[in-house]
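Student: quick one, what's the 3D model for this:
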Amino acid sequence: METLLEEWDGESVSLHRDRETGAWMFICVHSTALGPAAGGTRMKHYERVADALADGMRLSEAMSLKFASVGFPHGGGKAVIALPSPAIPEGESRRRLLHEYGRFIDSLGGLYSCAPDMNTSAADMDVIADMTSYVFCKTEAAGGSGDTAPDTAVGVLHGIRASCRHAFGSDDLSRRSILVQGAGGVGGRLIELLTEADATVIATDIDPARLAILRDKGIQVVEPDTALTTPCDVLAPCATGGVINADSIPTLQCRVIAGGANNQLATPADADRLHERGIDYAPDFVINAGGILHGGGLEEQHWTRQVLDAKLQGIGDALSDIFQRAEREGISTDTAARRIAVARIKSKAAETQALRARI
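Tutor: The predicted structure follows:
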């Protein structure tokens, strides 16, 4: 873990071990230049504790880029609860673990605020809120904004339209075939939105029950192991990360990649590989920013629904700017998006430093 910490460009890592279960908790804060750190809480088992730390670091950087890309006043953070076994705790054991985690967050005094992520939910945020106020996306019954997935899907839809406008000269989705990989919270809602837009939808999921439900609704489905090689105009990854990699890129049969999953690229070099193949890639930390706009916008900024809808539509505008810059500078869209986001973070950091110097 020492090497990970030495090589990371983030600000801090806080760690805590739950003595009763042996679970490790990492809160990784990549940047506070734009504001206090915020991000999701991932609960899962890792083969090594170092793998959990690496996951938190990587995801917290993506959160920094995500906030900066849509101009939201928070820095990037991420928390990982590394379970000692693959079994996800339920009932009272889960409640006790989340209370322990809530006390850990509270001990940091507002450095980081949590939200749902893999294997955590709005209901879990309610439990964590028993111990700390630094929580986003509680259930609506508890005064929160509720599930972020539907608005994440809306943002992805706007991103797909912008991507198609750049790649095909039109954002008319009735002329496009779109393969959605993963039919969970975000992917499932995206399938509904695409169907409403008269797109030709193809779907896949590792859960056979979900595929059966989609098939019964008249949606064309493909098996997970053939999804990436299925011909389509747009591939929308909405499941786990790392699916776009050196092995899969040569076999892709799409013109656009635009989906809701985090960390879709296995390595930064994969963006260049896509660029070389002429595949337009909508950077994931931009296109899936609808969740933070939903949670932070409604709960912290107190936006109206009308304002939130306009912000979600702005995801498409942000992607159009990225495509244009990438084309103009002859670089990948991932590189263009990172340059835009990092410039905003550095500008704010310099502004803050200058202000402190005058005090």
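
Student: pretty sure Ile202 contacts Val234?
Tutor: No. Here Ile202 does not reach Val234: they are 9.9 Å apart, not a contact under Cβ atoms under 8 Å. For glycine as for every other residue, the C-beta is placed from the backbone atoms N, C-alpha and C.

Student: need the overlap of contacts for those two.
Tutor: A shared contact of Ile202 and Val234, defined by Cβ atoms under 8 Å, 6 or more residues apart in numbering, is any residue touching both; here these are 177-179.

Student: which of those residues lies closest to Phe104?
Tutor: Among those, Leu179 lies closest to Phe104 (Cβ to Cβ), at 40.0 Å.

Student: who's in contact with that closest one?
Tutor: Applying Cβ under 8 Å, 6+ apart, we find Leu179 in contact with 201-204, 222, 227, 230, 232, 234-236, 254.

Student: neighbour-wise, give me the winner out of those residues.
Tutor: Counting neighbours by other Cβ atoms under 10 Å, the top entry in the contacts of Leu179 is Ala236, with 34 neighbours.

Student: got the CA positions of the helix or strand that one falls within in PDB?
Tutor: Ala236 belongs to strand 234-237 when assigned by DSSP states H and E. Listed in PDB are the C-alpha atoms of strand 234-237, where the atom choice follows Å, rounded to 0.1, in the frame of the first residue of the first chain:
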ATOM      1  CA  VAL A 234     -23.900   3.000 -30.000                       C
ATOM      2  CA  LEU A 235     -22.500   0.800 -27.200                       C
ATOM      3  CA  ALA A 236     -23.800   2.000 -23.800                       C
ATOM      4  CA  PRO A 237     -21.800   0.300 -20.900                       C
END
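
Student: avg pLDDT for it?
Tutor: In this model, strand 234-237 has an average pLDDT of 98.

Student: so which elements touch whatever helix or strand comes next after that strand?
Tutor: Taking DSSP H and E as the definition, the helix or strand that follows strand 234-237 towards the C-terminus is strand 256-257. Under the contact criterion of 3 or more Cβ pairs under 8 Å, 6 or more residues apart in numbering; DSSP states H and E, strand 256-257 touches helix 149-168, strand 234-237, strand 280-281.

Student: what sits up against strand 256-257?
Tutor: Contact partners of strand 256-257, identified using Cβ under 8 Å, 6+ apart, comprise 160, 163-164, 167, 233-237, 244, 264, 274, 279-282.

Student: now do it: distance to the chain's middle.
Tutor: The gap between where strand 256-257 is centred and where its chain is centred comes out at 17 Å by Cα atoms, centre = their mean, to the nearest Å.

Student: can I take it that Phe26 is in a helix?
Tutor: No. Phe26 is assigned strand when assessed by DSSP: H, G, I helix; E, B strand; the rest coil, not a helix.

Student: so who does it touch?
Tutor: Contacts were defined as Cβ under 8 Å, 6+ apart; by that measure Phe26 touches 13-15, 52-53, 56, 79-80, 82.

Student: swap the cut-off to 10 Å and go again
Tutor: 1, 13-16, 42, 49, 52-57, 60, 78-82, 104 (Cβ atoms under 10 Å, 6 or more residues apart in numbering).

Student: just those: which are in helices?
Tutor: Counting by DSSP state H, those place 49, 52-57, 60, 104 in helices.

Student: which of those count as buried?
Tutor: Taking 16 or more other Cβ atoms under 10 Å as the criterion, what is buried in the ones in helices among the contacts of Phe26 is 49, 52-57, 60, 104.

Student: need the max-distance pair from those residues.
Tutor: Using Cβ to Cβ, these span at most 19.6 Å, a distance reached by Ala54 and Phe104.

Student: quick one, phi/psi of the spatially closest residue to Gly76 that is not a sequence neighbour?
Tutor: In space, Gly76 comes closest to Ser64 once its chain neighbours are excluded; the distance is 2.9 Å by Cβ to Cβ, 6 or more residues apart in numbering. Dihedral angles phi and psi of Ser64 (degrees, to the nearest 10) take the values phi -60, psi -50.

Student: begin at 877 from here
Tutor: Got it, the first residue is 877 from now on, which makes the last one we talked about Ser940.

Student: report pLDDT for Ser940.
Tutor: According to the prediction, Ser940 has pLDDT 96.

Student: then the one 4 residues further on?
Tutor: In this prediction, Ala944 carries a pLDDT score of 96.

Student: Ile1235 now?
Tutor: Each residue has a pLDDT score; the one for Ile1235 is 67.

Student: domain ranges for the protein, per the record?
Tutor: The domain map for the chain lists 878-938+952-1018, 1025-1218, with the assignment taken from automatic domain parsing.

Student: for Thr1228, find the nearest of those.
Tutor: For Thr1228, the closest of the domains of the chain is domain 878-938+952-1018, at 6.9 Å, according to Cβ to Cβ.

Student: first vs last residue of that closest one, how far apart are they?
Tutor: Between the opening and closing residues of domain 878-938+952-1018 there is a gap of 40 Å (Cα to Cα, to the nearest Å).
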